[in-house]
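Undergrad: sequence? don't have it. structure:
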């Protein structure tokens, strides 16, 4: 079977890049003829290792060069680059003639289905349906006392986000299959003729599970508004003094670091909150943690949660769209809290801090849940999908 993945590139850290790398590596390892077609790798090293059996083709379109331009100029450049991108991708697909072409990004989605190379076309979504609305609302919510002008500006952006979602959905209709990460997100795509829910595989393994004895609460993610770490720090600030031996550790870097540091200082919890920055060696932090927490405004299918349950750590998370409701069985392997309900979050966190037996039972249940997301189990679902699509194509 010959399959082609189309992506911006794998030159920086990111969940989409990480998962795509793991998928192409897996398919190459089981004997598929795998092509990774990037638009903007531009000779840069892969951030995540790629199996040498994967054939890499870069189209040298460089969408990344206009990302920091003012909005209007960026749009004009995106249109120009889009035409070039389609032309070059069409040439490559017509040459290699894959059986299946998979589009997990947001550049090729506008035209990959139009290319008549004979391949079945699959579109993947790696975030919640209205991510480009939630993105602006999370930034607005992070601004203290926004002016009327600022609020109006962001509401216009959110309206634009809804229009873009409608545009993406129109393109989605033309793909043979739409693959989503969660059943929750699937509810917004009932109009598509063929949807599948295939979660991400757990992205890492551990030599052991966490003992859940250390007084460590762990959060992981970029320090950006969508991860909503300011809310998490506020929650911890309400109770930290009651548990002087416990610490909140946050793994990840980002431009909100200074704001979060100022908040930590204002709350007087400098000794109980650690912003640890980026690191590739995350396993020791998971294995030393006892509780994992998330207050994200939105997600797709959070890898942090998969890593936590793989390490056997109970979770507490806001019920953001999408992911937490699919991963967490409330009261069994963790707790799901309604968005913005800080008091309930505090109560749940107190419960797990104070009840070590419950914490360990939930950790055990979390590790059992992780078996649903082994790479073998998840990737078998992809292989079954590919096989059924090709069989249906033959019959028709």
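TA: Okay, I see it. From a predicted model like this one, the values you see are computed outputs, not experimental measurements.

Undergrad: residue ranges of the strands in the stretch 101-250 of the chain, please?
TA: Applying DSSP state E, counting those that start in this stretch to the stretch 101-250 of the chain gives strands spanning 120-124, 177-180, 195-197, 216-220, 247-251.

Undergrad: and these, which is most packed in?
TA: Ranked by mean neighbour count, those are led by strand 216-220 with a mean of 24 (mean count of other CB atoms under 10 Å). Bear in mind the C-beta positions are built from the backbone N, C-alpha and C, glycine included.

Undergrad: could you give the mean pLDDT of that one?
TA: The predicted model assigns strand 216-220 a mean pLDDT of 98.

Undergrad: and it, what does it pack onto?
TA: On a contact count with 3 or more CB pairs under 8 Å, 6 or more residues apart in numbering; DSSP states H and E, strand 216-220 meets helix 229-237, strand 247-251, helix 283-287, strand 291-294, helix 303-310.

Undergrad: which residues of the stretch 251-396 of the chain fall in strands?
TA: Going by DSSP E, counting those that start in this stretch, the stretch 251-396 of the chain shows strands at 273-277, 291-294, 315-318, 334-337.

Undergrad: tilt between the first one and strand 216-220?
TA: Relative orientation of strand 273-277 and strand 216-220, computed by axes from the mean of the first three to the mean of the last three CA atoms, to 10 degrees: 40 degrees.

Undergrad: okay but residue 300 is in contact with residue 124, surely?
TA: No. Counting by CB atoms under 8 Å, residue 300 does not reach residue 124; the two are 10.0 Å apart.

Undergrad: still on that earlier bit, deepest of the helices and strands packed on strand 216-220, which one?
TA: Ranked by mean neighbour count under mean count of other CB under 10 Å, the helices and strands packed on strand 216-220 are led by strand 291-294, which reaches a mean of 27.

Undergrad: I'd assumed residue 44 was in contact with residue 56.
TA: No. In this structure residue 56 lies outside contact range of residue 44 using CB under 8 Å: 11.7 Å.

Undergrad: contacting residues for the spatially closest residue to residue 227 that is not a sequence neighbour?
TA: Of all residues not flanking residue 227 in the chain, residue 221 sits nearest, at 4.0 Å (CB to CB, 6 or more residues apart in numbering). By CB atoms under 8 Å, 6 or more residues apart in numbering, residue 221 lies in contact with 227, 229, 250, 251, 252, 294, 296, 302, 304.

Undergrad: if I look at the second one, how far off is residue 329?
TA: Using CB to CB, to the nearest Å, residue 229 is found at 25 Å from residue 329.

Undergrad: now the last one
TA: Counting by CB to CB, the gap between residue 304 and residue 329 amounts to 17 Å.

Undergrad: What of residue 90?
TA: 46 Å.

Undergrad: about what we covered before: list residues touching both of residue 300 and residue 124?
TA: When contacts are counted by CB under 8 Å, 6+ apart, the set common to residue 300 and residue 124 is empty.

Undergrad: wouldn't residue 369 be in contact with residue 308 here?
TA: No. With contacts counted by CB under 8 Å, residue 369 stays clear of residue 308, the gap being 10.2 Å.

Undergrad: show me the contacts for the closest residue in space to residue 224 that isn't next to it in sequence.
TA: Among residues not flanking residue 224 along the chain, residue 254 sits closest, at 4.8 Å (CB to CB, 6+ apart). Residues in contact with residue 254 (CB under 8 Å, 6+ apart) are 222, 223, 224, 227.

Undergrad: do you know how far the second one is from residue 254?
TA: When distance is defined by CB to CB, residue 223 is 3 Å away from residue 254.

Undergrad: so what's residue 279 up against?
TA: Counting by CB under 8 Å, 6+ apart, residue 279 touches 251, 285.

Undergrad: separation between it and residue 249?
TA: In terms of CB to CB, residue 279 sits 11 Å off from residue 249.

Undergrad: ditto for residue 312
TA: Taken as CB to CB, the span from residue 312 to residue 249 is 17 Å.

Undergrad: now do residue 129
TA: Using CB to CB, residue 129 is found at 32 Å from residue 249.

Undergrad: Without its sequence neighbours, what residue ends up closest to residue 55?
TA: Using CB to CB, 6+ apart, the nearest residue to residue 55 is residue 35, at 4.9 Å.

Undergrad: Can you give me the buried ones in the host helix or strand of that neighbour?
TA: Using DSSP states H and E, residue 35 falls within strand 33-38. Buried residues in strand 33-38, counted by 16 or more other CB atoms under 10 Å: 33, 34, 35, 36, 37, 38.

Undergrad: which one among those residues gets closest to residue 152?
TA: Of all the buried residues of strand 33-38, residue 152 sits closest to residue 38, with 38.5 Å by CB to CB.

Undergrad: For the closest one, give the beta-bridge partners.
TA: Beta bridges link residue 38 to residue 7, residue 58, judged by DSSP bridges.

Undergrad: Wait, it touches residue 10, no?
TA: Yes. Contact criterion CB under 8 Å: residue 38 and residue 10 qualify, at 7.1 Å.

Undergrad: between the buried residues of strand 33-38, which is closest to residue 156?
TA: Using CB to CB, residue 38 is the member of the buried residues of strand 33-38 that lies nearest residue 156, at 33.2 Å.

Undergrad: State the pLDDT value of residue 57.
TA: 98.

Undergrad: on that earlier part again, was I right about the residue nearest to residue 55 contacting residue 2?
TA: Yes. Using CB under 8 Å, residue 35 is in contact with residue 2, at 7.4 Å.

Undergrad: Touching both of the two, which residues are there?
TA: 96, 98.

Undergrad: Now do the helices in the protein.
TA: 15-29, 71-96, 131-141, 148-172, 183-186, 229-237, 257-267, 283-287, 303-310, 324-327, 342-354, 356-370, 375-395 (DSSP state H).

Undergrad: From residue 345, how far out is the residue nearest to residue 224?
TA: Taking CB to CB, one finds residue 254 at 22 Å from residue 345.

Undergrad: What of residue 33?
TA: Distance from residue 33 to residue 345, by CB to CB: 48 Å.

Undergrad: Touching stretch 339-358 from outside, list them.
TA: 212-213, 215, 217, 231, 234-236, 238-239, 242-243, 246, 290-291, 293, 295, 297, 314, 316, 318-320, 335, 337-338, 359, 362.
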